[in-house]
Structure formats: structure tokens, C-alpha cells
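Engineer: after the sequence you'll find the predicted model.
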Amino acid sequence: MGRFDGKVVLITGGARGQGRSHALRFAAEGADVAVLDVPARPPASVVYPLGSAEELAETAKAVEELGRRAVAITADVRDPAQLTDAVARTVDELGPLDFCLANAAVLSRGLIAEMDDQTWRDVIDVNLTGVFNTIRAVLPGMIEQRHGRIVATASLAARSGFPYLGHYAAAKWGVIGLVKTVALEVAQYGITVNAVLPTSVDTPMITSPEILRSMLPDVENPTREDAARAFGSSNAIPVPWVEPADVSGAMAYLCSDDARYVTGECLTVTAGAIARNSA
Ligand SMILES: NC(=O)c1ccc[n+]([C@@H]2O[C@H](COP(=O)([O-])OP(=O)(O)OC[C@H]3O[C@@H](n4cnc5c(N)ncnc54)[C@H](O)[C@@H]3O)[C@@H](O)[C@H]2O)c1
């Protein structure tokens, strides 16, 4: 018997990284899983490759290998119609949606004084409007069934200023405002809405060569080890980053019965970094 036997979860950004880890964690606990990813038109300002169709199919296959049903949905969280279709397909193929993890996002870097419109817009469109599109698409069904758990992925960058990540920090602070507001709006329907705020996580978002080069411009051909050294100092527990599975544990808790009265919360998974900069 798993905690999530008979439950259905929709995960955006599920092709790889944290989204894939969440898919496997929820499947291991008994849930059937819809994974959504692979925007047909990646944002122009994002320099690293996003999740691929092959990776999305691999996530679905890995869920099935755990004995659960999986649906792989190619869609873009920036497009509200694609989100509505994705929810309809999930309900059609797997059943009513119990949980939604709004996890998809992109990263780029730049000083606000020099940032072009496209770079700003791409991050806000995916990381904030994409979360809004996702939450709005799942709410009608959850309100009707008087039950649901929504968890959005924010970031440690939603708890302080972050030079070179002003657009990303603004979007993630926005996610928290959105989550807290929706939590109040839907509490009466038995729906909880929370955010998880990870420190750096070992995924392609921060370890792809293109991002490493932009983060460490003074290092020629920076490696993961160079990045590990650079990141290490910000966490209190001396690790450069946490693993995707560490964030999946927080996601699973917030969707479990143990968290039935936890809503409008920010659960940080920051290896202690949060202790330096937040009440
Ligand atoms: N990796 C980190 O250090 C870190 C730290 C804090 C928070 N986060 C957040 O964690 C979440 C997961 O990121 P990750 O670390 O797994 O990175 P990742 O790049 O490995 O995964 C993100 C996934 O989202 C997908 N995606 C991007 N834009 C999309 C769109 N428009 N429509 C559909 N899918 C789209 C990508 O294709 C990719 O598969 C994100 O919200 C990210 O901002 C990451």
C-alpha cells in the first residue's frame, strides 16, 4: 500500500530534472502520473537545451516500470489552451486530478540595467504566467470534486534579491504571492496550495555547459567541480547543491494527508541557506 494509491498527479516540466524525480517518487508511492513538457518553441533567450521528447518518453516509461500508468503530454505552459487540453487528457486517461506540481521553468542571467525585453519576458512568461496557467487549468475540476493539492516550485531566489537573476527572482517571488492568494481563495473547497523553495539543485538548469559558462565567465570551460566550488559557500550544510529527490520528498509531504492543514506555505529545501537571509 502506497500513500498515493489510486491518486493522479499532473507534473509540468516532467521530462527531466526535478520533474522526473517527482514523477518517480509519486509513482513509487502509488500514483498514476501525467508528465507535461517540451515546448515546441523554446524561449529565444534561454541558452541551454530544454527537455526533449525522448526524455519525456523516458520519464513516462520509468513510471510504467514502477507499475503505474503514465501519460506524456507535449505542451507549453505559456499556452493556456494547451494546459486546458492537458488537464482534460489527464482526466480522460487517468481519472480526476488529485495533485498538480507546477514545476516547469527556465533560467537565464543578466543585470537588470542591461536586460533586453525578450529575456525579461521569457522568464516571466514561463516561470510566473506558466504557473498561473497551470493552476487556473486544474482548479475547476478540483473545486468541483472538493479536493486537490497544488504545489508550485519557487526558489531560494524568492526569499532575497539575486544579482543577475532579477527577472527569475521577480517571477519566483510572484509565484509565492500567487500561491498564498490562491490558497485563501480555495481553502473552502478542501484544496491546499503551497510552494517549495529549493536551493541549487543538481539538474541541467544549472549544470548545463551553457549556464556554467555564463555563471563562471572567468573560468575557461567551467566544469561541474568548478560550479560545486562556487555554489558550496551559500549553503550552511556543506553541499554545493541538493538532489532532485530531496525536493521530491517535500512535494510528497505537501500532497500527503500529513499536510492536510498546511496551505499557503513556503517549504524551503535549502541545506540551511535560508537561515542566513529570512525570518
Ligand atoms: N536547478 C536548480 O538549481 C533550481 C533551484 C531552485 C529552483 N529551481 C526550480 O525547480 C524547477 C525545476 O527545474 P529543474 O531544476 O528540474 O530544471 P530543468 O531545466 O532540468 O527542468 C525544467 C523542465 O521544465 C521544462 N520547461 C521549460 N519551459 C517549459 C514550458 N514553457 N512548457 C513546458 N515545459 C517547460 C523544461 O523543458 C525542463 O524539462 C523550476 O521551477 C526551477 O526554477 C531549480
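Structural biologist: Thanks, I have it.

Engineer: CA atoms only: put stretch 225-234 into PDB for me.
Structural biologist: Output in PDB follows, covering the C-alpha atoms of stretch 225-234 (Å, rounded to 0.1, in the frame of the first residue of the first chain):
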ATOM      1  CA  GLU A 225      33.500  20.800 -10.000                       C
ATOM      2  CA  ASP A 226      34.100  24.500 -10.600                       C
ATOM      3  CA  ALA A 227      30.400  25.100 -10.100                       C
ATOM      4  CA  ALA A 228      30.300  23.000  -7.000                       C
ATOM      5  CA  ARG A 229      33.100  25.100  -5.500                       C
ATOM      6  CA  ALA A 230      31.300  28.300  -6.400                       C
ATOM      7  CA  PHE A 231      27.900  27.200  -5.100                       C
ATOM      8  CA  GLY A 232      29.200  25.500  -1.900                       C
ATOM      9  CA  SER A 233      29.700  28.600   0.100                       C
ATOM     10  CA  SER A 234      26.000  29.600   0.100                       C
END
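
Engineer: what residues of it count as buried?
Structural biologist: Using 16 or more other CB atoms under 10 Å as the test for burial, stretch 225-234 gives 226, 227, 230, 231, 234. (Each C-beta comes from the backbone N, C-alpha and C, glycine too.)

Engineer: these also near the ligand: which ones?
Structural biologist: Among the buried residues of stretch 225-234, no residue lies close to the ligand (CB under 6 Å from any ligand atom).

Engineer: quick one: contacts for residue 84?
Structural biologist: Applying CB atoms under 8 Å, 6 or more residues apart in numbering, we find residue 84 in contact with residue 137.

Engineer: report the separation between it and the ligand.
Structural biologist: 14 Å (CB to the nearest ligand atom, to the nearest Å).

Engineer: secondary structure element for that residue?
Structural biologist: Residue 84 belongs to helix 80-94 when assigned by DSSP states H and E.

Engineer: now the strands: where do they sit in this structure?
Structural biologist: 8-12, 32-37, 70-74, 99-102, 148-153, 191-198, 266-269 (DSSP state E).

Engineer: outside of the first one, which residues touch it?
Structural biologist: So that's strand 8-12. Outside strand 8-12, the residues that touch it by CB under 8 Å, 6+ apart are 19, 22-23, 26, 31-37, 77, 86-87, 90-91, 94-104, 130, 134, 138, 255.

Engineer: just the buried residues of stretch 225-234 now: which is nearest the ligand?
Structural biologist: Nearest to the ligand, judged by CB to the nearest ligand atom, of the buried residues of stretch 225-234 is residue 231 at 8.6 Å.

Engineer: could you check how far the closest one is from residue 246?
Structural biologist: 15 Å (CB to CB, to the nearest Å).

Engineer: cool, and residue 61?
Structural biologist: Computed as CB to CB, the residue 61 to residue 246 distance reads 24 Å.

Engineer: of these two, who's got more company?
Structural biologist: residue 246 (18 against 11; other CB atoms under 10 Å).

Engineer: contact partners for the closest residue to residue 136 other than its chain neighbours?
Structural biologist: Nearest non-adjacent residue to residue 136, counting by CB to CB, 6 or more residues apart in numbering: residue 80, 7.2 Å away. Residue 80 is in contact with 133, 136, 137, counting by CB under 8 Å, 6+ apart.

Engineer: quick one: which of these is nearest the ligand?
Structural biologist: residue 133 (9.4 Å).

Engineer: spit out the contact partners of that closest one.
Structural biologist: Counting by CB under 8 Å, 6+ apart, residue 133 makes contact with 77, 78, 79, 80, 83.

Engineer: kindly state the pLDDT recorded for the residue of the chain positioned farthest from its centre?
Structural biologist: Here the chain reaches farthest from its C-alpha mean at residue 220, the gap being 30.7 Å by CA atoms, centre = their mean. The per-residue pLDDT reported for residue 220 equals 88.
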